Every structure is written in structure tokens, then in C-alpha cells.
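In: Sequence first, predicted coordinates after that:
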Amino acid sequence: MRDRNLVELVGIHKAFGDNVVLDGVDLSVTRGEVIVIAGPSGSGKSTMLRCVNGLETVDSGEVRFDGRPVTPGKGLSALRAQIGFVFQQFHLFPHMTVLQNITLAPVKVKGIAADTARTTAHQLLERVGIAEKAEQFPADLSGGQQQRVAIARALAMDPQLMLFDEPTSALDPEMIREVLDVMRDLARDGMTMLVVTHEMGFAREVCDRLVFIDGGQIVEEGPPAEFFANAQSERAREFVDKII
Ligand code: ADP
Ligand code: MG
């Protein structure tokens with residue numbers, strides 16, 4: 001069924017001890033939709049992303065991916081293979097070349113033939129603009145290049161969904177653009193994306209929907225232009241004033 005929501009969060013709650021981090025979050029994501037998740041530090045953005053691919057379990061409510069509940073145990077690794085995750089810190093394997101970083105999971109997890117995986121990896125490196133870096137090690141690359149390798153590595157699994165958790169927050173300013181450009185192209189190619197970012201220019205230009213989260217709740221959501229021009233809640237307006 002191609003028309004059902006790819007991701008559904010239904011009334012999810014999550015606490016760490018006494019700290020209530022997600023307090024009744026509902027969100028439906030359709031295929032091809034690009035959602036930016038914004039909000040103050042500590043508001044639960046990373047936890048929400050981690051719940052989507054089962055890196056965190058919810059206390060109550062339900063997470064569904066492609067119609068199936070995301071629950072611990074059997075099936076979780078198969079589900080994760082369909083979801084790419086790009087972090088603030090690039091988390092590349094330092095002792096492997098760029099090419100090896102990208103081919104590892106397709107070969108080990110999906111059982112793809114090594115030469116096929118290499119061909120795909122070269123195509124992905126071309127796509128993220130660093131075809132010439134295939135045989136380098138992560139330490140030889142700039143932060144922006146490493147993050148583009150991380151994106152290529154996630155794409156090598158042919159995911160249905162890409163999660164980005166502040167992918168440009170660890171980068172020097174001059175490298176932010178090159179990573180956002182890759183993400184914008186990916187969005188235009190139809191990838192479903194959930195992006196936690198403070199880059200409001202990117203949100204304005206690329207996303208279909210901006211979700212503003214504060215205190216573990218979605219306070220406001222809508223088209224980005226509407227959010228920036230006309231945020232309804234006090235908390236969202238304060239956030240917009242501070243960030244723009
Ligand atoms: P954000 O990404 O919006 O900055 P997070 O989802 O990382 O927020 O964190 C929300 C709250 O949950 C914070 O108070 C944080 O300290 C807490 N938290 C996140 N992960 C854990 C964890 N594994 N154990 C305990 N507390 C956590
Ligand atoms: Mg975070």
C-alpha cells in the first residue's frame with residue numbers, strides 16, 4: 001500500500017526517570033514528505049528521532065513504520081536497515097576508507113555482492129560531490145566531506161526514510177552549505193526526511209512542514225512560511241525571534 005503514512009507517532013510518551021521528555025507526541029509522515037523539527041535544546045527532538053527507528057523505546061503510545069509497530073526484538077534490525085540516520089558527529093569508521101565505510105553495511109547486512117556495492121558506492125560519492133575521495137580515510141577529509149560520506153553511507157542501504165539529527169551543527173560555517181545542498185537535492189529527489197536542524201534557511205527553502213517542539217510536545221506545525229510569518233504560540237514566536 002503506497003498511500004499509507006510511512007511513519008506514525010501516536011501519543012508517544014517517554015521519560016528518563018522523573019524527566020518527561022516526550023509528552024504525547026502525534027505525528028504522521030507521508031512518503032516523500034520533508035519535515036524539519038525545530039525547538040530549544042533539551043526539548044526532546046533527538047529522543048523523538050531515536051524513537052522512530054527504535055533506538056529508544058516509548059513508555060506509552062505507538063511508533064509505526066510503514067504500517068508496522070516499531071518494537072524491541074525480532075524485526076528491529078530489518079526495520080533499521082530501511083532507515084538512514086545521520087548524526088551531528090559523523091560516526092564514520094576511522095580505520096576504513098571512505099569506500100569501505102559505504103560498502104560495509106550493504107554487504108554485511110543486505111548480502112549485496114562486494115563489486116555491486118562498490119559500484120553503488122562510487123555512484124553515491126559522485127552524487128554527494130566527492131567522487132575523488134573513495135580511497136581516503138575519514139581523518140583526511142574535512143568535516144563537510146565526512147558528513148557527505150555519512151549521508152552516502154546511509155543512502156547505500158537504499159532507505160525509505162532518512163533521519164538527520166543536527167547534521168551541520170558540528171561543522172565550520174563554510175562547510176554547512178555543501179551538506180545542506182546535498183540534503184536539498186535528496187529532498188527534491190523525493191526522499192522522505194525528518195530533519196532536526198537550526199538552519200532555518202534550509203527549513204524555509206526545502207521542507208514541506210515545520211514541526212516546533214518544546215517541553216516534549218508539538219507546540220505548532222505547518223508550512224514553514226506560515227510558521228515564520230505567523231507563529232501562533234508565544235513559545236514559537238520567541239524561538240523565531242531568537243533564531244532569525
Ligand atoms: P534535544 O535533542 O531537543 O536537545 P533530547 O531529546 O536530546 O533533546 O533530550 C531531551 C531530554 O532528555 C534532556 O533533558 C536530556 O538530558 C534527556 N535525555 C536524553 N537522552 C537521555 C538518556 N539516554 N538518559 C537520560 N536522559 C536523557
Ligand atoms: Mg538533540
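Out: Nice, I can see it. Ligands and ions are numbered 1, 2, ... in the order given.

In: Write down the beta-bridge partners of the closest residue to N53 other than its chain neighbours, one by one.
Out: Spatially, and ignoring its direct neighbours in sequence, N53 is nearest to I83 (4.5 Å; Cβ to Cβ, 6 or more residues apart in numbering). Where C-beta positions appear, they are placed from N, C-alpha and C, glycine not excepted. Counting by DSSP bridges, I83 forms beta bridges with L161.

In: quick one: contacts for I83?
Out: 52-53, 65, 159-163 (Cβ atoms under 8 Å, 6 or more residues apart in numbering).

In: how about a cut-off of 10 Å?
Out: Contacts of I83 were listed using Cβ atoms under 10 Å, 6 or more residues apart in numbering, and they are 6-7, 49, 52-55, 65-66, 70, 154, 157, 159-163, 192, 194.

In: Looking at those residues, which are in strands?
Out: Among the contacts of I83, the members found in strands (DSSP state E) are 7, 65, 161-163, 192, 194.

In: What distance do you get for L141 to ligand 2?
Out: 24 Å (Cβ to the ion, to the nearest Å).

In: try V52
Out: From V52 to ligand 2 the distance is 13 Å (Cβ to the ion).

In: So for the residue in the chain that ligand 2 sits nearest to, what's the pLDDT?
Out: Ranked by Cβ to the ion, the top residue of the chain for proximity to ligand 2 is S46, at 3.2 Å. For S46, the pLDDT comes out at 98.

In: cool, D3 as well?
Out: Listed pLDDT for D3 reads 64.

In: count of residues packed around R118?
Out: 18 (other Cβ atoms under 10 Å).

In: what's the closest non-adjacent residue to it?
Out: Closest residue in space to R118, ignoring its immediate chain neighbours: T103 at 5.7 Å, by Cβ to Cβ, 6+ apart.

In: hang on, the earlier thing: taking the ones in strands among the contacts of I83, tell me the two that lie furthest apart.
Out: Across these, no pair lies farther apart than F65 and M162, at 13.0 Å, counting by Cβ to Cβ.

In: What is the least confident helix or strand in the chain?
Out: Least confident helix or strand of the chain, by mean pLDDT, DSSP states H and E, is helix 234-243 with a mean of 85.

In: how distant is it from the center of its chain?
Out: Distance, stretch centre to chain centre, for helix 234-243: 23 Å (Cα atoms, centre = their mean, to the nearest Å).

In: Run through who's touching that helix.
Out: Contacts of helix 234-243 with the rest of the structure, by Cβ under 10 Å, 6+ apart, involve 38-40, 43, 198-200, 203, 210, 212-215, 217, 219-221, 227-231, 233.

In: Flag every residue of this protein that's near ligand 2.
Out: Residues of the chain found near ligand 2 (Cβ under 5 Å from the ion) are 45-46.

In: which residues in the chain form helices?
Out: 45-52, 76-80, 98-108, 114-127, 143-155, 173-188, 200-206, 224-230, 234-243 (DSSP state H).

In: Indicate which one of those helices is closest to Q136.
Out: Q136 lies closest to helix 98-108 among these, at 5.5 Å (Cβ to Cβ).
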